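*Asks:* what follows is a predicted structure for the sequence shown.
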Amino acid sequence: MMKLAYTACFALSLGIGMAHAGSPDCPAASTRLLDHLDKGDYAGATADFDDHMKASLTSDALAKLWQTMPKQLGAPGARDPAQVTAIPNYAVVVTTLHYSEGMIDAQVACDADGKIGGFYIRPHR
């Protein structure tokens, strides 16, 4: 099976001890992140990151990884509707991204302030 660089997770900083649930704005933050990535605006893609994510995943590192997707999976295509779930302290949004040769899931976790505290790219389940 094809080895894909995206199976590793990006910095995921799910904080401990927050008193509230994740932001209801997480689907919008996830869409903004993916839109910026698709446009090649990697600085814009990190705009909603929390401080830990900004320190852990620079726009340059994000660019290097995102640019490998078409090389490994072919031309980008449609996105499925986002699936939103809640876990303690976070809202989690999973969006399936279609490419000509496969699919991946982009997972974004947001805190109560709507900041992205986690971002994963993994093979579609």
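*Replies:* Done, it's in.
*Asks:* now name the helix or strand holding residue 28.
*Replies:* With secondary structure defined by DSSP states H and E, residue 28 is part of helix 26-39.
*Asks:* for that helix, what is the distance to the chain centroid?
*Replies:* Mean C-alpha position of helix 26-39 versus that of the full chain (C-alpha atoms, centre = their mean, to the nearest Å) differs by 8 Å.
*Asks:* looking at this, residue 85 is in a helix?
*Replies:* No. Applying DSSP: H, G, I helix; E, B strand; the rest coil, one finds residue 85 to be strand, outside a helix.
*Asks:* for it, which non-adjacent residue is closest in space?
*Replies:* residue 92 (5.0 Å; C-beta to C-beta, 6 or more residues apart in numbering). Heads up, the C-betas are built off the backbone N, CA and C, glycines and all.
*Asks:* which residues does the one you found contact?
*Replies:* Residue 92 makes contacts with 22, 26, 84-86, 107-110, 118, as judged by C-beta atoms under 8 Å, 6 or more residues apart in numbering.
*Asks:* what does the helix or strand encompassing residue 77 rub up against?
*Replies:* Using DSSP H and E, residue 77 sits in strand 76-79. With contact meaning C-beta under 8 Å, 6+ apart, strand 76-79 is reached by 34, 38, 69-70, 95-100.
*Asks:* now the contacts of residue 92: which count as buried?
*Replies:* Buried subset of those (neighbour count, 16 or more other C-beta atoms under 10 Å): 22, 26, 84, 107-110, 118.
*Asks:* of those, which belong to helices?
*Replies:* Those of these mapping onto helices are residue 26, per DSSP state H.
*Asks:* now the buried ones among the contacts of residue 92 as a markdown table including distance to residue 54 and pLDDT?
*Replies:* As requested, the buried ones among the contacts of residue 92 are arranged in a markdown table below (distance: C-beta to C-beta, whole Å; pLDDT from 0 to 100):
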| residue | distance to residue 54 | pLDDT |
| --- | --- | --- |
| 22 | 18 | 57 |
| 26 | 17 | 94 |
| 84 | 23 | 95 |
| 107 | 18 | 97 |
| 108 | 15 | 97 |
| 109 | 15 | 96 |
| 110 | 14 | 96 |
| 118 | 13 | 95 |
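*Asks:* mind picking the two most distant members of the buried ones among the contacts of residue 92?
*Replies:* The most widely separated members of these, counting by C-beta to C-beta, are 84 and 118 (14.1 Å).
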